[in-house]
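*Asks:* sequence unknown, structure follows:
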Ligand SMILES: *Cc1c(COP(=O)(O)O)cnc(C)c1O
């Protein structure tokens, strides 16, 4: 457990996959963690974090950035359209572009500010009715719509179904990204990031294995 241990395991996974050290970005998922744990990881030198809730992130990161300097913060939770403006002001990347209305909103915000956070399209690889994400069969059309709006997603993101072997989902996401010329792959969490790295993840999202268990489930 802890940042050092996860960093070592990540380097071993990169080596095992024949990938260069540092080719995978470790996003430390700090949602609902007590501030002292987040500060400890910042003090250890880590500068890339992930958050699930716009409001929580907005209450935490402006101050932490004042104190610690530039920190990349990635939005990895569902994004409501009415929070999109706050989100583009706050986040360096959004991993949960999952529907046309959000694409339209992000496109108009990007136009107005002349810049856009890095974007990942969330794909519902398990085709679960309750889960966000573009269905695999709709991805091509959705990417076309994004490009027509001048948005250029750089990769794909998935959250495989609970309790299933994640390997086939990671493999599927990697194949879809390659098919569409996208280089980013946001996949893998505390329990399965090594498998994700083996399947080509460029961004892993690790929370509890770095910070410890969250005090309430989300
Ligand atoms: C919370 C969360 C994570 C981190 O989960 P852990 O199991 O604590 O590593 C990763 N990705 C998403 C989308 C999450 O919501």
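*Replies:* Everything's here; your move. Computed from a prediction, not measured in an experiment: that's the story for all the values here.

*Asks:* ok, for residue 128, nearest residue in space, not its chain neighbours?
*Replies:* Leaving out its chain neighbours, the residue that sits closest to residue 128 by CB to CB, 6 or more residues apart in numbering is residue 161, at 5.7 Å. (Glycine included, C-beta is placed from N, CA and C.)

*Asks:* How about residue 126?
*Replies:* residue 161 (3.8 Å).

*Asks:* Spell out which parts of the protein neighbour the ligand.
*Replies:* 29, 31, 52, 76-77, 159, 189-190, 205-209 (CB under 6 Å from any ligand atom).

*Asks:* Using PyMOL, make a named selection holding only the buried ones among those residues.
*Replies:* Paste this into PyMOL to select the buried members of the residues of the chain next to the ligand, with burial taken from 16 or more other CB atoms under 10 Å:
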select buried, resi 29+31+52+76+77+159+189+190+205+206+207+209
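
*Asks:* rewinding a little: wait, a strand at the residue nearest to residue 126?
*Replies:* No - residue state for residue 161 (DSSP: H, G, I helix; E, B strand; the rest coil) corresponds to coil; a strand is not indicated.

*Asks:* What does the pLDDT read for it?
*Replies:* Here the pLDDT value assigned to residue 161 is 97.

*Asks:* which residues touch it?
*Replies:* 126, 128, 131, 169 (CB atoms under 8 Å, 6 or more residues apart in numbering).

*Asks:* Mark which of those are buried, thanks.
*Replies:* Buried among those by 16+ other CB under 10 Å: 126, 131, 169.

*Asks:* burial of residue 175, as a residue count?
*Replies:* 13 (other CB atoms under 10 Å).

*Asks:* Contacts for the strand or helix carrying it, please.
*Replies:* Secondary structure from DSSP states H and E places residue 175 in helix 167-179. Residues from elsewhere that reach helix 167-179 (CB under 8 Å, 6+ apart): 123, 125-126, 136, 139, 155-158, 160-161, 183-185, 187-188, 195-196, 199-201.

*Asks:* Can you turn the buried part of these into a ChimeraX selection?
*Replies:* Typed into ChimeraX, the line below selects the buried ones among the contacts of helix 167-179, using 16+ other CB under 10 Å:
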select :123,125,126,136,139,155,156,157,158,160,184,185,187,188,195,196,199,200,201
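
*Asks:* For the residues of the chain next to the ligand, which two are the farthest from each other?
*Replies:* Spanning the widest gap among the residues of the chain next to the ligand are 77 and 209, at 18.3 Å by CB to CB.

*Asks:* Relative to residue 128, how far out is the residue nearest to residue 118 when sequence neighbours are not counted?
*Replies:* In space, residue 118 comes closest to residue 93 once its chain neighbours are excluded; the distance is 4.0 Å by CB to CB, 6+ apart. Plainly put, residue 93 is 24 Å away from residue 128 if you go by CB to CB, to the nearest Å.

*Asks:* next one: residue 97
*Replies:* For residue 97 relative to residue 128 (CB to CB), the value is 18 Å.

*Asks:* low-confidence ranges in the chain?
*Replies:* 1, 216-218 (pLDDT under 70).

*Asks:* and with 90 instead?
*Replies:* Within the chain, the stretches with pLDDT under 90 are 1, 214-218.

*Asks:* Let me have the residues of the chain next to the ligand in CSV, adding distance to residue 175 as columns.
*Replies:* Formatted as CSV, those follow (distance: CB to CB, whole Å):
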residue, distance to residue 175
29, 25
31, 29
52, 27
76, 22
77, 26
159, 17
189, 20
190, 24
205, 20
206, 24
207, 27
208, 29
209, 27
